[in-house]
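Visitor: got a sequence here, can you model it:
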Amino acid sequence: MRIGQGIDAHRFAPDRRLVLGGVEIEHTQGLAAHSDGDVVVHALCDALLGAAGLGDIGHHFPDTDAAYAGIDSRILLQRVMASLQQRGLTVHNADITIAAQAPKLAPHVEAMRRTLATDLACPPERVNVKATTTERMGFTGRGEGIAAFAVVLLNE
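Guide: Here you go, the predicted model:
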């Protein structure tokens, strides 16, 4: 078994759609990034790559490469999963926490969970997604952006 953890954060930006865990969420702003800015998927990719000993998302999909401009982060996740599968690694479970003051994410958690389970090739009950606020402290609490934290367990 292998354990990995990942963290990602992006600031809010106008005129962008908000995508978290592969699910588009209605909000006044999206997240600034070279890709679609899905911090949940980015943290998850880093956790998967870390557990496999394969570096981080920036190494595999650099923001200096125009090929990744505006890309759907689920495509990156699918590429990470293909790399893991080539190495005989499978996802046992994933646990993800999203820190955001707004928008309210509880209504979207189940959709994120199911979407991510599909991409991770595991049953939805092995993917946990939860959301919290930071009680108006820090950049997430001030509504400047969103952060996500992921932990995964891989089977060899």
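
Visitor: can you give me the strands for this structure?
Guide: Secondary structure of the chain by DSSP state E: the strands cover 2-13, 18-20, 23-25, 30-31, 90-99, 127-132, 145-155.

Visitor: who are the neighbours in contact with the residue nearest to residue 42 when sequence neighbours are not counted?
Guide: Closest residue in space to residue 42, ignoring its immediate chain neighbours: residue 8 at 3.9 Å, by Cβ to Cβ, 6 or more residues apart in numbering. C-beta here means a position set from N, CA and C on the backbone, and glycine is covered the same way. By Cβ atoms under 8 Å, 6 or more residues apart in numbering, residue 8 lies in contact with 39-40, 42-43, 46, 57, 147-148.

Visitor: will you turn those residues into CSV that also has pLDDT and distance to residue 136?
Guide: Below are these laid out as CSV (pLDDT from 0 to 100; distance: Cβ to Cβ, whole Å):
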residue, pLDDT, distance to residue 136
39, 98, 19
40, 98, 22
42, 98, 24
43, 98, 22
46, 98, 27
57, 94, 29
147, 98, 14
148, 98, 19
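
Visitor: let me know the closest of these to residue 121.
Guide: residue 40 (17.3 Å; Cβ to Cβ).

Visitor: for that closest one, what are its contacts?
Guide: Under the criterion of Cβ under 8 Å, 6+ apart, the neighbours of residue 40 are 8, 20-22, 96, 98, 112, 116, 129, 148, 150.
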